[in-house]
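K.L.:
this one's sequence-less:
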């Protein structure tokens, strides 16, 4: 799978895709060499173009197939590109970030030209190996490949402005337009530690031509027969003039430049001193903050200890409350038991009182009967019924009834004696 999955935003002109779309135009017959998953081809189809593609990755090629008119899956290091399609089949040949991956990009370009119609163009994008980030990395002795970007680990060919134009000239092409995307020398995937480099060196590299050109995007056409273009240096000079957007600065006196540089240096030193003063102030504030932090930590530690003590106290209180709840439960159980006993005693007492009242009533009836019998017998004589009275009382009151009815018995005896 390609690591260069992308979407095309025509409005973002600082991308090679948008620049290529602009150079290709609309309603053209296009061959997209290295079409990947077809993201550029899809954008071209939306502009009315008919697009065919060449791709070596079978998985990516199948993703691109729906938007392509024709598709060839092939490794351009092993096949002739010019033999994959009929001659003069296309208005535009597109090599978007492809040539740097080929063993012989010149041979592939030369072979592809037989597929180009008269008046057709070749649109190419390649990374700029003379970008400022690569130059600064080399100053630090670094050349580290990356998964993508200027030093993509799959790149086997590298191009500068001059080498790109010279290659096009060698195959019979001439530059029509040369454009580029931009990125600062310290703002790419190439690792640069600017702090380890002299500031003047970084500034000098940034001022060099193409130091901020990340990719070259070129439109080229077949050179007319008999046209002058064998001298690649001349073409490079013409290209330089085309890309220049500001007039050259007039010559300046070296002494004037030195004086200005000295003035700038003094100003920079003053700024550095001011920054150092601010840094010292910040360090003082940082020390104060650290001291406050130490005090806060001590306070937090004390609060934690106090919280632990409070927690232990609460745990002790909870244990004491638990014990008290247990004791209360036991007391409640005892009270309930005592209440049951008292209720039972009251019930038994009520029964005893009822029995005593019944005994008194029956004793009174017996006494009345005895008195009536005595009256019927008439006169003095033995006291009839004395033994019977005691026997009747015992039978009425029972063995335990004497204690309860002691006073009523004595009353009965007095009644009997009075009846004599």
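P.N.:
Structure received. Note that the coordinates shown come from a computational prediction; the quantities given were computed from them, not determined experimentally.

K.L.:
Where does pLDDT dip in the stretch 301-420 of the chain?
P.N.:
In the predicted model of the stretch 301-420 of the chain, residues 379-420 satisfy pLDDT under 70.

K.L.:
Equivalent analysis for the chain, please.
P.N.:
1-6, 226-263, 379-420.

K.L.:
May I ask you to name the longest helix in it?
P.N.:
helix 254-377 (DSSP state H).

K.L.:
Check which helices and strands the lengthiest strand in the chain is in contact with.
P.N.:
The longest strand of the chain (DSSP state E) is strand 116-127. Under the contact criterion of 3 or more CB pairs under 8 Å, 6 or more residues apart in numbering; DSSP states H and E, strand 116-127 touches helix 16-24, strand 90-96, helix 161-170, strand 213-222. For the C-beta atoms, the positions are set from N, CA and C on the backbone; glycine is no exception.

K.L.:
what's the angle between it and strand 90-96?
P.N.:
Between strand 116-127 and strand 90-96, the angle comes out at 10 degrees (axes from the mean of the first three to the mean of the last three CA atoms, to 10 degrees).

K.L.:
After strand 116-127, which helix or strand is next?
P.N.:
Later in the chain than strand 116-127, the nearest helix or strand by DSSP states H and E is helix 132-139.

K.L.:
List the buried residues of that next one.
P.N.:
132, 133, 134, 135, 136, 137 (16 or more other CB atoms under 10 Å).

K.L.:
residues contacting the second one?
P.N.:
Think residue 133. The contact partners of residue 133, by CB atoms under 8 Å, 6 or more residues apart in numbering, come to 150, 183, 185, 186, 187, 188, 190, 192.

K.L.:
Look up the closest residue to it, ignoring the ones flanking it.
P.N.:
Nearest non-adjacent residue to residue 133, counting by CB to CB, 6 or more residues apart in numbering: residue 190, 3.9 Å away.

K.L.:
so how far is residue 139 from the one you found?
P.N.:
Distance, residue 190 to residue 139, by CB to CB, to the nearest Å: 12 Å.

K.L.:
Over to residue 97?
P.N.:
26 Å.

K.L.:
Wait, residue 206 touches residue 135, no?
P.N.:
No: contact criterion CB atoms under 8 Å: residue 206 and residue 135 do not qualify, at 9.5 Å.

K.L.:
what's the overlap in contacts for these two?
P.N.:
With CB under 8 Å, 6+ apart as the test, residue 206 and residue 135 both reach residue 185.

K.L.:
From residue 102, how far off is residue 77?
P.N.:
Taking CB to CB, one finds residue 77 at 6 Å from residue 102.

K.L.:
same question, residue 41
P.N.:
Counting by CB to CB, the gap between residue 41 and residue 102 amounts to 20 Å.

K.L.:
Between the two, which is the more surrounded one?
P.N.:
Shown here are residue 41 and residue 102; by other CB atoms under 10 Å, residue 41 has more neighbours (26 against 20).

K.L.:
Could you pull up the residues touching that one?
P.N.:
Applying CB under 8 Å, 6+ apart, the residues near residue 41 are 30, 32, 35, 51, 53, 64, 67, 68.

K.L.:
got it, and residue 335?
P.N.:
Taking CB under 8 Å, 6+ apart, we find residue 335 in contact with no residue.

K.L.:
ok so, going back, list just the one of the helices and strands packed on strand 116-127 that sits closest to residue 146.
P.N.:
The closest of the helices and strands packed on strand 116-127 to residue 146 is strand 213-222. By CB to CB, the value is 13.5 Å.

K.L.:
Okay, angle between the closest one and helix 161-170 too, please.
P.N.:
Counting by the same axes, to 10 degrees, strand 213-222 lies at 20 degrees to helix 161-170.

K.L.:
Just give me how far strand 213-222 sits from the chain centre.
P.N.:
A distance of 41 Å separates the centroid of the chain from that of strand 213-222, by CA atoms, centre = their mean, to the nearest Å.

K.L.:
contacting residues around that strand?
P.N.:
16, 19-20, 23, 97, 113, 116, 119-128, 130-131, 150, 159, 161, 164-165, 168, 172-183, 188.

K.L.:
Sheet partners, orientation included, of that strand?
P.N.:
Strand pairing for strand 213-222, determined by DSSP bridges: strand 116-127 (antiparallel), strand 173-182 (antiparallel).

K.L.:
so how far is the longest one off the chain centroid?
P.N.:
For strand 116-127, the distance from its own C-alpha centre to the chain's C-alpha centre is 45 Å (CA atoms, centre = their mean).

K.L.:
count of neighbours near residue 362?
P.N.:
15.

K.L.:
With residue 176 instead?
P.N.:
Residue 176 has 14 nearby residues by other CB under 10 Å.

K.L.:
ok, now residue 371?
P.N.:
Residue 371: 15 neighbours (other CB under 10 Å).

K.L.:
Just the buried ones among the contacts of residue 133, please.
P.N.:
150, 183, 185, 188, 190, 192.

K.L.:
Around residue 36, how many other residues sit close by?
P.N.:
25.

K.L.:
Quick check: the gap between it and residue 97.
P.N.:
Separation of residue 36 from residue 97 (CB to CB) stands at 9 Å.

K.L.:
ok, the contacts of residue 133 vs residue 282, which is closest?
P.N.:
residue 186 (24.8 Å).
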